[in-house]
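Visitor: The following comprises the amino acid sequence and a computationally predicted model.
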Amino acid sequence: MKRNLLTLISLTLLLSVSSCTIEINDDAGTPTTTNPGNTSGVLPEGGKLSGEITSNLTIKKGNYTLEGIVKVADGATLTIEAGATFTVSTKVTSSLVVLQGGKVIALGTANEPIVFTTENKTPGGWGGITLYGRAPIKAVNGNTTAVSEDGNAISYGGNDANFSSGILKFVRVEYAGKKINDGTSETNTFTFYSVGDGTILENLVAYKGTDDGFEFFGGTVSAKNLVSYGNYDDSFDWQDAWSGQNNSNWYAFQTVTGNFGMEIEASANVDNTAPKISNITLIRDANTAPEVAGSSEISAIQFKRQGTGIFSNVYISGYKNMGGKNAYSVLIQEDTTETNQVNTGKIKVEPLTYLNSDNAGVWGYAYPKTNPKTFTNATGVTKVSLTPGAWATVDGVNLLAALQ
């Protein structure tokens, strides 16, 4: 009786000095943290990540669960060490969101990546990873702020181009794309709202999400060694005049279901800074169909609404006509985008090699065009080269196999 009383007193004192919620595991007799505002600053092995993180928290190598919308608050840093694996609950709306001023330091390795997955391994199970920064944007009508479309309705945009939201290295996110709001919209696998160039994004895998693999909403951040594999919508997407200048080694493998390899717009802002990406490989597996049967969203790279991009060493393969629609290496949607962006040198896709695809040697246009831009397959363009390892392997399948 005295022993139980002492235990109760100790637990009462702990709760009085901590903002966390403690859940007692009756089987093991040990507490697990359900809200990580604990005094130790370390989530116990096998613990549950949920709620709002308001103070620094470290997650070490091991297995964990993530449940609900986990937010890293302004001033807090979430550190995730190599080899940490999270099984995300799909019974509730779940996602990992780093708010403006919060940071995530997720440092995996090629052989010990940081992985977010789900139990049922079904695309669309959760909301993926979303970062908010304080870098500039140009939204519709040139607005410097906008409201996010990820279901959190957070205002984003700022004036610090070099702002850091942390580091993501060797991180793989699986089966994201949770439907939100009216049920017709989905979150992306990785989403970056006004993220600044002080943020490091390297060796990231977006695997089988039901919306875009990677989407940038303005900001200045750059990203290297990206893998977008089997995502239902676009492999890479941006708007709000994203302007990252130091991007390299982007690889997309579209299979079963997929729309554009890249969908590019600047929210109709004529005056924008063209992002730069060196080394792009876009591969469309045989019989890959768009989300909507008969859709024209089957080309490799689409530019619309004043979208821009300076792309070099581009390798494209497998884009075939389907459902009565034509597939192109590059598709320009409006003559205004051609006039303001192509003709001023803010859209370039060269050198380019376009293989095993229809409509070779010519760009496509979604409006009448008498003199389409032509090109000759460049020599010396090769597929992207990426480091092999567990970071790009799912259930024994090497995601980089098509690059060999």
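Guide: In hand now; what should we look at?

Visitor: ok, residue 234 to residue 215 distance?
Guide: 8 Å (Cβ to Cβ, to the nearest Å). Yep, even glycine has a C-beta here, placed from its N, CA and C like the rest.

Visitor: Please disregard the earlier target; I meant residue 191.
Guide: In terms of Cβ to Cβ, residue 191 sits 5 Å off from residue 215.

Visitor: cool, residue 253 as well?
Guide: Counting by Cβ to Cβ, the gap from residue 253 to residue 215 is 18 Å.

Visitor: How about residue 101?
Guide: Distance from residue 101 to residue 215, by Cβ to Cβ: 21 Å.

Visitor: between these two, which one's more packed in?
Guide: residue 215 (26 against 15; other Cβ atoms under 10 Å).

Visitor: my read: that one touches residue 237, true?
Guide: Yes: Residue 215 lies in contact with residue 237 (Cβ atoms under 8 Å); the separation is 4.3 Å.

Visitor: got any residues that touch both of those two?
Guide: residue 188 (Cβ atoms under 8 Å, 6 or more residues apart in numbering).

Visitor: which regions of the stretch 1-150 of the chain lie under the pLDDT threshold?
Guide: The model of the stretch 1-150 of the chain has pLDDT under 70 over residues 1-40.

Visitor: Let's see that with 50 instead.
Guide: Confidence mapping of the stretch 1-150 of the chain against pLDDT under 50 gives the ranges 1-39.

Visitor: got it, and the stretch 151-300 of the chain?
Guide: For the stretch 151-300 of the chain, no range has pLDDT under 50.

Visitor: Could you report the distance from the residue most central in space within the chain to residue 116?
Guide: Closest to where the C-alpha atoms of the chain average out (Cα atoms, centre = their mean) is residue 190, at 2.0 Å. Going from residue 190 to residue 116 by Cβ to Cβ gives 10 Å.

Visitor: Got phi/psi on residue 170?
Guide: Per-residue torsions, residue 170: phi 50, psi 60 (degrees, to the nearest 10).

Visitor: OK, contacts around it?
Guide: 82, 107, 108, 109, 110, 112, 113, 114, 202, 203, 204, 391.

Visitor: Same check on residue 127?
Guide: With Cβ under 8 Å, 6+ apart, residue 127 has these contacts: 69, 93-97, 150-151, 176-178, 180, 187.

Visitor: which of these tops the neighbour count?
Guide: Most neighbours among the contacts of residue 127, by other Cβ under 10 Å: residue 176, with 33 neighbours.

Visitor: How many residues are close by the residue nearest to that residue when sequence neighbours are not counted?
Guide: Nearest non-adjacent residue to residue 176, counting by Cβ to Cβ, 6 or more residues apart in numbering: residue 128, 3.4 Å away. Residue 128 is flanked by 31 other residues according to other Cβ under 10 Å.

Visitor: again with residue 142
Guide: Neighbour number of residue 142 under other Cβ under 10 Å is 14.

Visitor: Angles on the backbone of it, please.
Guide: phi 80, psi 10.

Visitor: how near is it to residue 211?
Guide: From residue 142 to residue 211 the distance is 26 Å (Cβ to Cβ).

Visitor: distance of residue 99 from residue 274?
Guide: Taken as Cβ to Cβ, the span from residue 99 to residue 274 is 29 Å.

Visitor: Can you show me the helices along this structure?
Guide: 2-17, 335-337 (DSSP state H).

Visitor: Bridge partners for residue 200, pull those for me.
Guide: Per DSSP bridges, the residues bridged to residue 200 are residue 167.

Visitor: That one contacts residue 171, correct?
Guide: No: between residue 200 and residue 171 no contact is recorded; they are 11.2 Å apart, counting by Cβ under 8 Å.

Visitor: Please say which of the two ends up with more neighbours.
Guide: Neighbours were tallied for residue 200 and for residue 171 using other Cβ under 10 Å; the higher tally belongs to residue 171 (25 against 17).

Visitor: hang on, the earlier thing: could you check which of residue 99 and residue 274 has the larger neighbour count?
Guide: residue 99 (23 against 20).

Visitor: residue contacts, the more buried one?
Guide: By Cβ under 8 Å, 6+ apart, the neighbours of residue 99 are 71, 72, 73, 74, 132, 154.

Visitor: Give me the distance between the fourth one and residue 102.
Guide: In this structure, residue 74 and residue 102 are 6 Å apart, going by Cβ to Cβ.

Visitor: repeat for the fifth one
Guide: With distances defined as Cβ to Cβ, the gap from residue 132 to residue 102 amounts to 8 Å.

Visitor: For the two, indicate the residue with more neighbours.
Guide: residue 132 (30 against 23).

Visitor: give me every residue that touches the nearest residue to residue 61 once chain neighbours are set aside.
Guide: In this structure, residue 61 finds its nearest non-sequential neighbour in residue 83, 3.4 Å apart by Cβ to Cβ, 6+ apart. Contact analysis of residue 83 by Cβ under 8 Å, 6+ apart lists 61, 62, 108, 112, 113, 114.

Visitor: isn't residue 94 right up against residue 87?
Guide: No: applying Cβ under 8 Å as the test, residue 94 and residue 87 come out as separate, 10.4 Å apart.

Visitor: so what's in contact with the two at the same time?
Guide: residue 66.

Visitor: now, which of the contacts of residue 99 sits nearest residue 280?
Guide: Comparing the contacts of residue 99 against residue 280 with Cβ to Cβ places residue 132 closest, at 26.4 Å.

Visitor: doesn't residue 401 make contact with residue 388?
Guide: No: Residue 388 is beyond contact range of residue 401, at 9.8 Å (criterion: Cβ under 8 Å).

Visitor: neighbour-wise, which of those two wins?
Guide: Counted by other Cβ under 10 Å, residue 388 and residue 401 do not tie: residue 388 has more neighbours, with 16 against 11.

Visitor: Contact partners for the closest residue to that one other than its chain neighbours?
Guide: Of all residues not flanking residue 388 in the chain, residue 400 sits nearest, at 6.0 Å (Cβ to Cβ, 6+ apart). The neighbours of residue 400, taking Cβ under 8 Å, 6+ apart as the test, are 227, 251, 386, 388, 392.
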